[in-house]
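[1] From the sequence below, what's the structure:
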Amino acid sequence: MAKCVNVSVSLEEVGGNPVKLLRKFFKKCKKERIVEEYTERSRYTKPSVKRRRAAEKARRNAKKAERLRHEKAGII
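    Next comes the predicted model:
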């Protein structure tokens, strides 16, 4: 089951500015992955598709990490 998250922002926190209030609220929701979790749960995905996406993500992350290691070491 998903964890229960209460995201709240007060007007005092943002100095009474409603635009900043909305921005801060959306940023907190994004950080907690509320929208992403909802979209994942809204439709069924086959286990094979989940495995394939996870493998693709792992490959991308490994490639990115290798590129960063090379950049840090000065290898082009």
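
[2] show me what contacts Lys63?
    By CB atoms under 8 Å, 6 or more residues apart in numbering, no residues touch Lys63. Every residue, glycine included, has its C-beta placed from N, CA and C.

[3] And the residue nearest the centre of this protein?
    Arg33 (5.4 Å; CA atoms, centre = their mean).

[4] So that residue versus Arg41, what's the distance?
    Here Arg33 is placed at a distance of 12 Å from Arg41 (CB to CB, to the nearest Å).

[5] now do Val14
    Distance of Val14 to Arg41, given as CB to CB: 31 Å.

[6] Determine which member of the two has the greater number of neighbouring residues.
    Val14 (16 against 10; other CB atoms under 10 Å).

[7] does the more buried one count as helix, strand or coil?
    Under DSSP: H, G, I helix; E, B strand; the rest coil, the three-state class of Val14 is coil.

[8] Break the chain down into its structural domains.
    Following automatic domain parsing, one finds the domains of the chain at 1-43, 45-76.

[9] ok, and for the last one, which residues are buried?
    Which is domain 45-76. Within domain 45-76, no residue is scored as buried using 16 or more other CB atoms under 10 Å.

[10] Now find how far off-centre that domain is within its chain.
    Domain 45-76 has its C-alpha centroid displaced from the chain centroid by 16 Å (CA atoms, centre = their mean, to the nearest Å).

[11] now it: mean pLDDT?
    Confidence over domain 45-76 (mean pLDDT, whole number) is 93.

[12] In CSV, could you pull the C-alpha coordinates for the helix or strand hosting Arg41?
    Take DSSP states H and E as the rule and Arg41 turns out to sit in helix 34-42. The C-alpha trace of helix 34-42 is given here as CSV (Å, rounded to 0.1, in the frame of the first residue of the first chain):
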residue,chain,number,x,y,z
ILE,A,34,2.1,12.1,-5.9
VAL,A,35,1.1,12.6,-9.5
GLU,A,36,3.5,10.0,-10.9
GLU,A,37,2.2,7.4,-8.5
TYR,A,38,-1.4,8.2,-9.4
THR,A,39,-0.7,7.8,-13.1
GLU,A,40,1.2,4.5,-12.5
ARG,A,41,-1.7,3.1,-10.5
SER,A,42,-4.4,4.3,-12.9
